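Participant: Quick one: sequence and predicted model below, then my questions.
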Amino acid sequence: MATEPRLSVCLTFDFDALAVHLGIFGTQDSQSLSRGEFGPFAMPRILKLLADYDIVATFFVPGHTALAYPDVLRRIHDEGHEIGHHGFVHEIPATLDETTERKVFDLGMEALQKTIGVRPRGYRSPGPEFSPHTIDILVENGMVYDATLSGSDFTPYYVRQGDTVSLDSVFQFGAPSSLVAIPFSWDLDDWVHLEFTAEWGPGKPCSAVEEIWRAEFDYAYANVPGGVFDLTMHPQVIGRGSRLEMLRRLIEHMSSRPGVVFESIITYAERWRNAHPLEQWRQEASVHVRERNGGPAIHRED
């Protein structure tokens, strides 16, 4: 019987290219778009680094990127990496009405299927922010996992469906769905640390980011056996030389620990779901499973 990995490392890349500047930042000027264009430019060196260590990664790709750079996307896919859904033009679902959000989801899916013939089974929200309808859309479309939510750090959980939010009454908890949450953290995202924007200011030095990421990994390895370390990167950010060398050092550090595996999110999510059937997990879980009145679903004596 195979031994479960001590810790799974999922290197993920949001291949936004032009879409993030068109979608979130709402700009069409050539300088801003050229920053996005650095993503496909840097992709060969990113893919080489992954190949050097025989790592299968996950790339979340907006439909717009798939149609703009089909050759790059096909190379990513042909080299064995997972492709996940990431909107169409990097629209933030929280800003969309339900009809528009469903249209955008379908457009993104169609673009990926047209380009590489693959229907993604995982999703990361652009932004990343959900609307009240996002979880319903993901469940209806058969997504296995979402890599957007932050209800834990290194421990997956099943996403609740049907939460009711109110500012003047008790929060109403929904029921766990079939959708597996792979935790996301801004601390483990390269954009907020390294990329200059008018809103966030200048980036940090690579040494500071390396220290944060290494410390988070070391904690997960020591304290969360069977967990997942989801590192979120953007080719236009991580693809610069000094940053790729930082990533190389981190890969060397992580791979030196016994029981660490590098794998795609879909591989991890399916193994976790098989090991934690929903109904069994509902009996064992604590904070992520609640009664409609806000209390714990199951009372246990500690």
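Facilitator: Everything's here; your move. None of the values given here were measured: they were computed from a predicted structure.

Participant: For the helix or strand where residue 254 lies, the averaged confidence score.
Facilitator: Secondary structure here is read from DSSP states H and E; on that basis residue 254 sits in helix 241-255. Regarding helix 241-255, the rounded mean pLDDT is 97.

Participant: Which strands or helices does it pack on?
Facilitator: Counting contacts by 3 or more CB pairs under 8 Å, 6 or more residues apart in numbering; DSSP states H and E, helix 241-255 packs against helix 30-52, helix 206-223, helix 235-238, strand 260-262. All C-beta spots, glycine's among them, are computed from the backbone N, C-alpha and C.

Participant: For those, which has the smallest mean pLDDT value?
Facilitator: Note on those: helix 30-52 shows the lowest mean pLDDT, a mean of 88.

Participant: what does the helix or strand that that helix is followed by contact?
Facilitator: If you walk from helix 30-52 toward the C-terminus, the next helix or strand you reach (DSSP H and E) is strand 58-61. Applying CB atoms under 8 Å, 6 or more residues apart in numbering, the contact partners of strand 58-61 are 10-15, 73, 76, 81-86, 112, 122-124, 147, 264-266.

Participant: ditto for stretch 42-56
Facilitator: By CB under 8 Å, 6+ apart, the list of residues contacting stretch 42-56 from outside reads 11, 13, 15, 57, 72, 75-76, 79-82, 235-236, 238-240, 244, 247-248, 251, 255, 262-264, 267.

Participant: can you give me the strands in the stretch 1-150 of the chain?
Facilitator: Here the stretch 1-150 of the chain has its strands, by DSSP state E, counting those that start in this stretch, at 7-14, 58-61, 82-85, 122-123, 145-146.

Participant: To residue 202, which of those lies closest?
Facilitator: Smallest distance to residue 202 across these (CB to CB): 20.9 Å, for strand 7-14.

Participant: Check the offset of stretch 72-85 from the chain's centre.
Facilitator: 15 Å (CA atoms, centre = their mean, to the nearest Å).

Participant: let me fix that: stretch 224-242
Facilitator: Distance, stretch centre to chain centre, for stretch 224-242: 10 Å (CA atoms, centre = their mean).

Participant: One more: stretch 182-192?
Facilitator: In terms of CA atoms, centre = their mean, the centre of stretch 182-192 is set 8 Å apart from its chain centre.
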